[in-house]
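Visitor: Here is a sequence with its predicted model. Questions after.
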Amino acid sequence: MATSKDIGKWNVGRMPGLAGRTAVVTGANSGIGLAAADALANAGAHVVFAVRDTRRGQTAAATVRGSTEVRRLDLADLASVRDFAQQWGDRPLDLLINNAGVMMLPEQRTKDGFEMQFGTNHLGHFALTNLLLPHVTDRVVTVSSGAHRWAAGGLNFDDLNMTSGYTPVRAYGRSKLANLLFTLELQRRLAESGSRVRALAAHPGYAATNLQSHAANPLSRVAMRIANRIVAQDDRAGALPTLYAAVTDLPGASYVGPDGLGEMRGAPALVGRSAAASDPAAARQLWAASEELTGVGCPLGAGTNAV
């Protein structure tokens, strides 16, 4: 039952009409990605499910009322990222939601040799965003996590791919820190170029999704299953910060998360971030390293949507 202090809290019932707009949601086949895609489509947007497994994507899209399409995208393979962007052509893209991610995996490498969590959660989205940016007309929303605070010491620029000292928790925290530094530097570049496009970030709090089932440590998987039942929000509640960032008039580089205790659950609101995630010098250094690693540069100043 709603209480007086809940009145005014943002929810999907306050979504504006999105008819005529197009959104790409990575990882839209399940979890908060599917919940976000469903809400956007219900509001009238045409939603592109950018997913690694198109069969699972088609099954998920079939549950959504509204206009959808499914396209293959494997963020752990830069060739797949480039193919997705090339096949996009010259279509305008109102909203790019960088949602897909992997969490606390055993040590693995992407097809291009990057540490899997950093490569998927950050580098894949970095390349995708820059390749699609000339077509983006409104905003880019990147899903980070409160776990970015686990990387309180910042990124190790001498070993971004964690070839030594790998732990699943540290790798995940660094990848989520990279998401926030990417958003910070992308917004700086957009503003400097005079672009109308905004970069924002969001985190879902603690949402029960299938991400937790892939943790490297069996004890962690058991603990997360218990926490999913006791503490976690469902995926629709977890998607609210992403949706709020996607459709609300917020300043560039804003970070949205749940407003409850510890930002674990609650209605979407602007939230804080760690000092490491607010470091403009680190954001620029990460951008330069990401360009070198992916071979994808920033198109700003060359036909991006400037005023």
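Guide: Arrived safely, thanks for sending.
Visitor: next structured bit after the lowest-mean-pLDDT helix or strand in the chain?
Guide: When the helices and strands of the chain are scored by mean pLDDT, DSSP states H and E, helix 218-230 comes last with a mean of 52. Counting by DSSP states H and E, the next helix or strand C-terminal to helix 218-230 is helix 235-247.
Visitor: where along this structure do the strands fall?
Guide: Counting by DSSP state E, residue ranges of the strands within the chain are 22-26, 46-51, 68-72, 93-98, 136-143, 198-202, 255-258, 268-270.
Visitor: can I get those in CSV with distance to A171, mean neighbour count and mean pLDDT?
Guide: Any C-beta I mention is one placed from the backbone N, CA and C, and that applies to glycine too. Shown next, in CSV, are the strands of the chain (distance: least, C-beta to C-beta, whole Å; neighbours: other C-beta atoms under 10 Å; pLDDT from 0 to 100):
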stretch, distance to A171, mean neighbour count, mean pLDDT
strand 22-26, 19, 26, 98
strand 46-51, 23, 26, 98
strand 68-72, 26, 18, 98
strand 93-98, 18, 25, 98
strand 136-143, 17, 24, 98
strand 198-202, 19, 28, 98
strand 255-258, 21, 26, 97
strand 268-270, 27, 19, 97
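Visitor: Looking at these, which is nearest to W10?
Guide: strand 268-270 (5.5 Å; C-beta to C-beta).
Visitor: other SSEs contacting that closest one?
Guide: On a contact count with 3 or more C-beta pairs under 8 Å, 6 or more residues apart in numbering; DSSP states H and E, strand 268-270 meets helix 235-247, strand 255-258.
Visitor: of all those, which lies closest to L181?
Guide: strand 255-258 (11.7 Å).
Visitor: Dump the closest one to CSV, keeping only the CA atoms.
Guide: Taking Å, rounded to 0.1, in the frame of the first residue of the first chain, the C-alpha atoms of strand 255-258 are listed here in CSV:
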residue,chain,number,x,y,z
TYR,A,255,23.7,9.1,-12.1
VAL,A,256,20.4,7.5,-11.2
GLY,A,257,19.7,4.8,-8.6
PRO,A,258,17.1,3.7,-6.1
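Visitor: Give me the contact list for it.
Guide: For strand 255-258, contacts defined as C-beta atoms under 8 Å, 6 or more residues apart in numbering pick out 144, 146, 180, 183, 200-205, 233, 237, 240-242, 244-245, 250, 263-273.
Visitor: Quick check on the residues you listed: which are buried?
Guide: 144, 146, 180, 183, 200-205, 233, 237, 240-242, 244-245, 250, 263-269, 271, 273 (16 or more other C-beta atoms under 10 Å).
Visitor: That's all I had, so thanks and see you.
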